[in-house]
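Participant: Pasting a predicted model and its sequence here:
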Amino acid sequence: MVASPAWSKRSRPGYRLLVLLAAFTTLRFGELASLRRRDVDLAGRVVLVQRAQAEMQDGRLFDKAPKSAAGVRPVAFPDELLADVTEHLERYAGAGRDGHVFLGPQGGRLRRSNFRDDWIKARTKAGLSGVVHFHDLRHTGNALAAAGASTRELMTRMGHSTARAALIYQHMTADRDRAIADRLGAMIRERPGGAGS
């Protein structure tokens with residue numbers, strides 16, 4: 001893999017966008033690692049998931065089809081990420097339409113193992129040492145997306161062919177809504193001259 005001219009071995013590849021897309025598109029690590037420039041539609045604010053990266057026991061990387069036909073999907077990203085996506089493509093992505101969006105520290109393919117150290121440093125710096133795994137970003141994004149989304153919409157966004165996972169996130173959102181309402185109720189009760197006065 002030949003890196004774009006703006007990327008050099010002295011500069012670490014930008015992983016900010018990797019984290020943002022994991023949280024706001026809910027793509028899996030393997031789906032993110034296999035993204036090519038041609039999979040990113042800046043005008044439509046969409047990434048097209050067509051493959052997922054996998055690693056053989058001997059360390060060789062290869063692209064495979066997603067788990068199911070539902071895994072091949074367009075996933076919209078928020079307009080607020082457009083500047084990050086554009087900057088990343090200009091500074092860090094591989095060259096040409098088939099260049100990988102995310103590269104490893106030496107300009108080759110991104111691996112979980114060569115990203116892990118950077119992830120651990122970032123979460124430690126954020127005070128989240130040991131409690132947040134990269135895949136948790138997908139869970140967070142799914143929970144956020146569940147608010148107001150139909151089961152079918154969640155299934156499509158998540159790349160699932162069954163409703164089981166989507167229903168879990170919708171249930172989590174309903175439980176969270178109950179917790180928020182209960183907390184608001186406690187605030188009313190604690191306030192002098194609350195709602196009942």
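Facilitator: Yep, that arrived.
Participant: In the protein, where is pLDDT below threshold?
Facilitator: Residue ranges of the chain with pLDDT under 70: 1-13, 68-70, 142-185, 187-189, 191-197.
Participant: ok, which stretches of it are strands?
Facilitator: For the chain, the strands identified by DSSP state E occupy 40-41, 46-49, 52-55, 61-64, 73-76, in order along the chain.
Participant: quick one: contacts for V19?
Facilitator: 122, 137 (C-beta atoms under 8 Å, 6 or more residues apart in numbering). To be clear about C-beta, it is placed using only N, CA and C from the backbone, and glycine gets the same treatment.
Participant: Now do the domain split for the chain, please.
Facilitator: Per the record's domain assignment (automatic domain parsing), the chain is made up of the domains 16-129, 141-190.
Participant: one step back: which among the strands of the chain is found nearest to L20?
Facilitator: Nearest of those to L20, taken as C-beta to C-beta: strand 46-49 at 11.5 Å.
Participant: Please enumerate residues in contact with that closest one?
Facilitator: Applying C-beta under 8 Å, 6+ apart, the external contacts of strand 46-49 come out as 21, 25, 27, 31, 35, 39-41, 66, 71-77, 159.
Participant: what does stretch 24-35 give?
Facilitator: Counting contacts by C-beta under 8 Å, 6+ apart, the residues touching stretch 24-35 from outside are 18, 21-22, 47, 49, 51-54, 63, 66, 71, 75-78, 81, 100-102, 109-112, 115, 134-135, 137-138, 141-142, 145, 157-159.
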